[in-house]
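*Asks:* sequence and predicted structure below; questions after.
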Amino acid sequence: MVSFISIRHFLPFLFVISLFHVSYAARKLNELVQQQPLLLEYHNGPLLSGKISINLIWYGKFKPSQRAIVSDFITSLSSSSLSQDQPSVATWWKTTEKYYHLTSKNPSSLKLSLGEQILDETYSLGKSLTGKQIVQLASKGEQMNAINVVLTSSDVAVEGFCSSRCGTHGSSSSSKNVQVKGKNYKFAYVWVGNSETQCPGQCAWPFHQPIYGPQSPPLVAPNNDVGLDGIVINLASLLAGTATNPFGNGYFQGPAEAPLEAASACPGVYGKGAYPGYAGDLLVDSVTGASYNAHGANGRKYLLPALYDPSTSSCSTLV
């Protein structure tokens with residue numbers, strides 16, 4: 001059985017998270033118009049813990065410079081990167097640790113690191129993929145103590161991409177007959193598509209003019225790549241959801257058919273003062289004019305979504 005959660009980006013300032021199990025359930029966008037988030041409920045399931053490698057499966061054509069944008073972001077998540085200029089990606093990620101402290105008096109910890117990178121530049125499954133094929137690609141990575149991230153290039157169509165979602169996260173039973181305590185092992189995976197040519201106004205906002213809503217000018221992307229900077233935003237949101245709700249029974253708000261998670265509970269918020277169509281008060285690079293809110297490894301700058309802080313019951317931003 002495969003279940004997955006998708007990040008939907010119909011409006012540039014709204015995220016909708018949907019759980020896919022056997023049937024698809026949608027949530028109306030007007031339910032989510034910048035309401036004060038409620039407490040994310042804990043559903044007694046496990047959170048990801050221990051030393052976890054993030055494996056990147058690149059499907060389609062990506063330039064080495066594009067791959068470096070994402071791999072540097074993954075490296076930046078590590079607590080060992082806290083020495084970066086502030087505010088940093090690692091500081092942003094530390095908000096997820098608060099969820100672990102709520103689940104136990106002796107909380108476990110999660111340590112992320114960049115794992116292997118698998119290139120599939122020949123489009124082995126074609127240029128039109130189903131959800132099952134995404135899981136098939138994700139299973140190419142090591143499945144124990146890992147999150148396998150599938151990234152599809154801008155010329156690859158994925159079932160539901162743009163029309164209903166920008167990416168997904170979920171879990172699937174291991175295809176390698178791995179058992180833990182006598183049960184089949186489930187591995188976590190994430191998929192994000194490059195929306196540069198297919199739907200940048202939906203999945204790469206605020207770096208592209210929005211399709212709907214207030215028509216504010218697009219921001220300059222910090223890595224000068226609208227598609228890849230958009231991937232980082234969606235990947236960051238989905239990784240936060242994967243850590244705190246890996247199997248659909250961790251932390252989320254609302255019905256299981258359409259849960260809001262650590263990042264998606266704060267739709268369209270990137271800095272203080274955010275409102276529909278406005279990402280918030282961000283830092284601006286004096287040389288490039290790019291907007292960002294986090295420093296990363298190798299001098300990178302990134303724009304990351306606000307995370308729901310369970311200790312304050314509010315959306316926490318870096319700036």
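*Replies:* Here it is on my side, so go on.

*Asks:* residue 241 contacts residue 261, correct?
*Replies:* Yes - under the criterion of Cβ atoms under 8 Å, residue 241 makes contact with residue 261 at 3.9 Å. C-betas here are computed from N, CA, C, even on glycine.

*Asks:* give me the below-cutoff pLDDT ranges for the protein.
*Replies:* For the chain, applying pLDDT under 70 flags the ranges 1-38, 81-83, 175-184, 257.

*Asks:* roughly how far apart are the spatially closest residue to residue 158 that is not a sequence neighbour and residue 185?
*Replies:* Nearest residue to residue 158 in three dimensions, chain neighbours excluded: residue 129, at 4.8 Å (Cβ to Cβ, 6 or more residues apart in numbering). Look at residue 129 and residue 185: by Cβ to Cβ, to the nearest Å, they are 24 Å apart.

*Asks:* then residue 196?
*Replies:* 35 Å.

*Asks:* from residue 198, how far out is residue 163?
*Replies:* Residue 163 sits 10 Å away from residue 198, taking Cβ to Cβ as the criterion.

*Asks:* ok, back up a step: and residue 129 and residue 185? Which one has more around it.
*Replies:* Higher neighbour count among residue 129 and residue 185: residue 129, with 22 against 15, using other Cβ atoms under 10 Å.

*Asks:* for the more buried one, give me its contacts.
*Replies:* Listed by Cβ atoms under 8 Å, 6 or more residues apart in numbering, the contact set of residue 129 reads 59, 137, 152, 156, 157, 158, 159.

*Asks:* the helices in this protein, which residues?
*Replies:* Ranges of helices in the chain, per DSSP state H, are 64-76, 89-93, 97-103, 131-138, 200-203, 226-244.

*Asks:* number of residues surrounding residue 63?
*Replies:* So residue 63, with other Cβ under 10 Å, has 11 neighbours.

*Asks:* for residue 287, same thing?
*Replies:* Neighbours of residue 287 (other Cβ under 10 Å): 6.

*Asks:* ok, now residue 155?
*Replies:* There are 13 residues near residue 155, going by other Cβ under 10 Å.

*Asks:* any idea how far it is from residue 193?
*Replies:* In terms of Cβ to Cβ, residue 155 sits 10 Å off from residue 193.

*Asks:* just confirm residue 283 contacts residue 293, I think it does.
*Replies:* Yes - contact status for residue 283 versus residue 293: in contact at 6.0 Å, counting by Cβ under 8 Å.
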